[in-house]
Structure formats: C-alpha cells, structure tokens
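A.B. asks: after the sequence you'll find the predicted model.
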Amino acid sequence: MKIVGVTGGIGSGKTTIARYFQERFGIPVYYADAEAKALMHTPQLKKKIIQLLGEQAYKGDTLDRGFVASRVFKDTDLLNALNAIVHPAVGRHFRSWVQEQEAPYVLKEAAILFENGNAADCDAVILVTAPEDLRIARVVERDGTSAEAVKERMSKQWSDDRKIPLADFVIENIALQDSRKQAEIIHYKLLGGRINT
C-alpha cells in the first residue's frame, strides 16, 4: 500500500484537500496533527510534557494549547524538545493505523512533513500551497488569532519555495473548485491511470 503525504504551511488548506480525497474517493486519511493532540492526552506523553513545560501545560486533564503555543513558538529548543516527545509516538500510532487500512493508498496529512524528515517515509508527497496573505486571513478567521501570531507560526515552517522542489505534486489552493480538479488528476496518477487532458 502506498503512503502519500499531504502537507502545506498553516492556512494552506491541506486538511480541506485531504478531506476531499477521503470523501470523493474513499481514501483513508491519517490526520497527524489531530492524532498528535490526542496522543498528548495519554498518560505517557502527558507526564513527559509536564516535565518539559511544567504543570501549566494542562488544565486538569486537558492540554492548554494556548499556553503550550506561547512557550514553544518563541523558543526553538523547546519546540524541538516537544517534537522529540510527540513525533515518535505519532509515528508508532501511524504505522499501526496503516496495517488496518485496505485501499490502493493512504494519505498522511501533516503540517511539517519535510521539516521533521517524515517525507522520506512516503512514496509520494502532495504539497498544498496558497499565497501568504490568503493563508494569514484564513487562520485569523478560523482561530480568532492575530496576523502577528500566524506569522510567528509561519516562521517556524519551511517556505513553499523550499518545499516545492521536494514535492511530487503541488496543489495551489486558492479556489476550491480548481483545487478539487487538481486533486482528481493526482488521484488517478497515484492509481497509475492515464489522464486525458
């Protein structure tokens, strides 16, 4: 079974594109960032995260995402330390998930697929891009955050210019209808079919 990565910077719309593959073609999607958040509530990871960031990292049993973001996105060493806790756990969870799937390929949707080296584990990678101003506007609307906070998070991710040469496919996600057409072409290429253009 092929493993296909779907990645893109914050606000690019990678989750929307992954969901389209799921709904339109029945392709199983592993949402790595959502699974990471879930795994951060398991006793093993919670203990390690509290050791790293302190008791304030959780409100009761719930991860205080605002507090964690305020700490790690201003401190690269802390961010790397948190990733070193979370990413191996996600990797193990993903591998067991893949064993349960039956499909010609699966999608692994993840924000920092190239940055953390996990693209090497994929048979192909789809990069979702969008202009920076559009990405910022999307995240401000979605998360109710400031443009400055979004730019801070963007600064921790590789630029599209750096990622495009590494990707097998690129979807420019400005207008959703156009993006869906691009996704359909990629789907048939992944199945090994011919495309009539």
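C.D. replies: In hand now; what should we look at?

A.B. asks: you'd agree residue 5 is in a strand?
C.D. replies: Yes: assigned with DSSP: H, G, I helix; E, B strand; the rest coil, residue 5 falls within a strand.

A.B. asks: and it, how far is that from residue 180?
C.D. replies: Applying CB to CB, to the nearest Å, the value for residue 5 to residue 180 is 19 Å. Every residue, glycine included, has its C-beta placed from N, CA and C.

A.B. asks: enumerate every residue touching residue 45.
C.D. replies: For residue 45, the contact set (CB atoms under 8 Å, 6 or more residues apart in numbering) comprises 39, 85, 86, 89.

A.B. asks: mind checking which of these are in strands?
C.D. replies: Per DSSP state E, strands hold no members of the contacts of residue 45.

A.B. asks: which of the residues you listed tops the neighbour count?
C.D. replies: residue 86 (21 neighbours; other CB atoms under 10 Å).

A.B. asks: and that one, what's its pLDDT?
C.D. replies: At residue 86, the model reports a pLDDT of 94.

A.B. asks: I'd say it and residue 36 touch.
C.D. replies: Yes: counting by CB atoms under 8 Å, residue 36 is a contact partner of residue 86 at 5.2 Å.

A.B. asks: residue 128 pairs with what?
C.D. replies: residue 171 (DSSP bridges).

A.B. asks: where exactly do the strands run in the protein?
C.D. replies: 2-7, 29-31, 58-59, 62-63, 105-109, 124-129, 169-172.

A.B. asks: what would those look like in JSON lines with mean neighbour count?
C.D. replies: Below are those laid out as JSON lines (neighbours: other CB atoms under 10 Å):
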{"stretch": "strand 2-7", "mean neighbour count": "24"}
{"stretch": "strand 29-31", "mean neighbour count": "20"}
{"stretch": "strand 58-59", "mean neighbour count": "15"}
{"stretch": "strand 62-63", "mean neighbour count": "14"}
{"stretch": "strand 105-109", "mean neighbour count": "23"}
{"stretch": "strand 124-129", "mean neighbour count": "23"}
{"stretch": "strand 169-172", "mean neighbour count": "19"}
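
A.B. asks: with respect to residue 43, which of those strands lies nearest?
C.D. replies: Nearest of those to residue 43, taken as CB to CB: strand 58-59 at 11.6 Å.

A.B. asks: who touches residue 151 in this structure?
C.D. replies: Counting by CB under 8 Å, 6+ apart, residue 151 touches residue 136.

A.B. asks: state the distance from residue 112 to residue 20.
C.D. replies: 21 Å.

A.B. asks: what's around residue 10, how many residues?
C.D. replies: Residue 10 has 19 nearby residues by other CB under 10 Å.

A.B. asks: so what's it scoring on pLDDT?
C.D. replies: Reading off the model, residue 10 has pLDDT 94.

A.B. asks: so it versus residue 91, what's the distance?
C.D. replies: From residue 10 to residue 91 the distance is 21 Å (CB to CB).

A.B. asks: quick revisit: which two among the contacts of residue 45 are spaced furthest apart?
C.D. replies: 39 and 85 (9.6 Å).
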